[in-house]
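Asks: Just a sequence and a predicted model for now, questions to come.
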Amino acid sequence: MSRVLLLGVPRSGTTWAGRALGATDGTAYVNEPDGFREPLALKIMLKYGEHPFISPGEQAPEYEQLWSSAFLGGLPSRTIRDRAARFIFDRTPLDERREARSTGRVPLRLRIVQSLAQPFAPSPDARHVVVKSVQGCLSTDWILEHVDARVILIERNPFNVLSSWRDLGFVSEGREFDRIALLASQRWGVDRPPIGAPHLALQSFFYGVLSASLRESAMRHPEWIQTTHEYLCVDSLERFASLAEQVGLEWGESASAFISDSDTDGTPFRTMRRSADQPERWRDRLTAEETQTIRSVLESFPSGLLAEIPE
């Protein structure tokens, strides 16, 4: 049995890659068990933040429960408690969930969700499991203490990522941003953007913290497989098949069909894309001033985030 953890920052192409690898024969694909759609993940976020920072050796039983059960196959448990938690969670307005995560003030119905949230159930027919996360960037070493998985790290040109973050309005100041800023200051001596800085500067700073953390984790783990969204966009069928083989997954007709079917026009939250258009897409989306804003923020991080990006 192969167990694969697919990591990257939000909007780096991990969903496309996860669905491709998840379409391999005999594979259960678990999409963001620690993300915004799961009651158990809400419980984690309210306690540890949207991007938990948990150090190796630290006790975090709820987080361990989430990851251990995700790698069993990540299905809803369908117990009475699980069904009740999902019923309440799904009927809580999105803005109310965001407010709770941002401020820590949790309304009664979300406190009920916290108390009822259950771990995932196994996928009985799966020979392999692929789990994708964009929320686990800061806790990778802790996660790998508790699950035995091969890791694939996918990176993407930061200009492509941040043009997408800009369009979708990602990142707001508040409790989560304060946590990230404190981490950047303590780990690298990097200060948050000044008051009045463009929103794109705040987004670039947040991106820098997540990406630099993943880069440093990868340096500690040379066994990780590292690739880029841009690389996978060229000769996608052959390159994904090779990637699957490296981690012990069984490439077949379903996975090939997914790659072919996904190569078409899409929308921001769908994996349909014309892959040949993706690598240089940022050049038509960002102004010279915006690219300079991104550069000025990312060059303060120590992990070479701009090393391979042309002027």
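Replies: Right, received. Where do you want to start?
Asks: Only C-alpha atoms from now on, for both contacts and neighbour counts.
Replies: Will do.
Asks: how close does the spatially most central residue of the chain sit to Leu183?
Replies: Nearest to the mean C-alpha position of the chain, counting by C-alpha atoms, centre = their mean, stands Val134 at 0.9 Å. As defined by C-alpha to C-alpha, to the nearest Å, Val134 lies at a distance of 18 Å from Leu183.
Asks: Shouldn't Lys132 be within a strand?
Replies: Yes - counting by DSSP: H, G, I helix; E, B strand; the rest coil, Lys132 is part of a strand.
Asks: And it, how far from Gly73?
Replies: From Lys132 to Gly73 the distance is 12 Å (C-alpha to C-alpha).
Asks: Arg285 too?
Replies: Counting by C-alpha to C-alpha, the gap from Arg285 to Gly73 is 38 Å.
Asks: Comparing those two, which residue is more hemmed in?
Replies: Gly73 (25 against 15; other C-alpha atoms under 10 Å).
Asks: okay but that one is in contact with Ala28, surely?
Replies: Yes - the pair formed by Gly73 and Ala28 meets the contact definition of C-alpha atoms under 8 Å, at 5.8 Å.
Asks: Check the burial of Asp25 by counting its neighbours.
Replies: 17.
Asks: swap in His221?
Replies: For His221, using other C-alpha under 10 Å, the count is 12.
Asks: Please apply the same query to the one 4 residues further on.
Replies: By other C-alpha under 10 Å, the residues close to Ile225 number 16.
Asks: could you list every residue that touches it?
Replies: Residues in contact with Ile225 (C-alpha atoms under 8 Å, 6 or more residues apart in numbering) are 151-153.
Asks: Now do the same for Val4: helix, strand or coil?
Replies: strand.
Asks: How confident is the prediction for it, by pLDDT?
Replies: pLDDT, Val4: 98.
Asks: bridging residues for it?
Replies: Judged by DSSP bridges, the bridge partners of Val4 are Val130, Arg150.
Asks: what's the host helix or strand of Gln292 packed up against?
Replies: Here Gln292, judged by DSSP states H and E, is contained in helix 288-298. With contacts defined as 3 or more C-alpha pairs under 8 Å, 6 or more residues apart in numbering; DSSP states H and E, helix 288-298 has these neighbours: helix 199-220.
Asks: Give the buried residues for the helix it packs on.
Replies: For helix 199-220, a neighbour-count test (16 or more other C-alpha atoms under 10 Å) marks 199-215, 217-218 as buried.
Asks: What number of residues are in the vicinity of the closest residue to Ala70 other than its chain neighbours?
Replies: Spatial nearest neighbour of Ala70, excluding adjacent residues (C-alpha to C-alpha, 6 or more residues apart in numbering): Phe120 at 6.0 Å. Number of residues near Phe120 (other C-alpha under 10 Å) recorded here: 24.
Asks: confidence score at Phe120?
Replies: 97.
Asks: Could you do Ala307 as well?
Replies: 63.
Asks: Over to Arg270?
Replies: For Arg270, the predicted pLDDT is 45.
Asks: doesn't Arg91 make contact with Leu110?
Replies: No - with contact defined as C-alpha under 8 Å, Leu110 does not count as touching Arg91 (10.4 Å).
Asks: Check the secondary structure at Glu96 for me.
Replies: helix.
Asks: between the helix holding Gln292 and helix 199-220, how many degrees?
Replies: Note on geometry: by axes from the mean of the first three to the mean of the last three C-alpha atoms, to 10 degrees, helix 288-298 and helix 199-220 are set 40 degrees apart in direction.
Asks: okay, helix 288-298 in CSV with CA atoms only?
Replies: Taking Å, rounded to 0.1, in the frame of the first residue of the first chain, the C-alpha atoms of helix 288-298 are listed here in CSV:
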residue,chain,number,x,y,z
ALA,A,288,4.9,46.1,-13.4
GLU,A,289,4.1,47.8,-10.1
GLU,A,290,2.4,44.6,-8.8
THR,A,291,5.4,42.4,-9.7
GLN,A,292,7.7,44.9,-8.0
THR,A,293,5.5,44.8,-4.9
ILE,A,294,5.8,41.0,-4.8
ARG,A,295,9.5,41.1,-5.4
SER,A,296,10.2,43.6,-2.7
VAL,A,297,8.4,41.4,-0.1
LEU,A,298,9.7,38.0,-1.1
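Asks: Between Leu110 and Arg91, which is the more surrounded one?
Replies: Leu110 (22 against 9).
Asks: Name the nearest residue to the more buried one, ignoring sequence neighbours.
Replies: Phe89 (7.0 Å).
Asks: follow-up on the earlier one: Gly74 is in contact with the residue nearest to Ala70, correct?
Replies: Yes - look at Phe120 against Gly74 with C-alpha under 8 Å: they come within range, at 5.0 Å.
Asks: hmm, who's touching stretch 162-173?
Replies: Contacts of stretch 162-173 (C-alpha under 8 Å, 6+ apart): 11, 177, 200, 202-204, 206-207, 282, 285-286.
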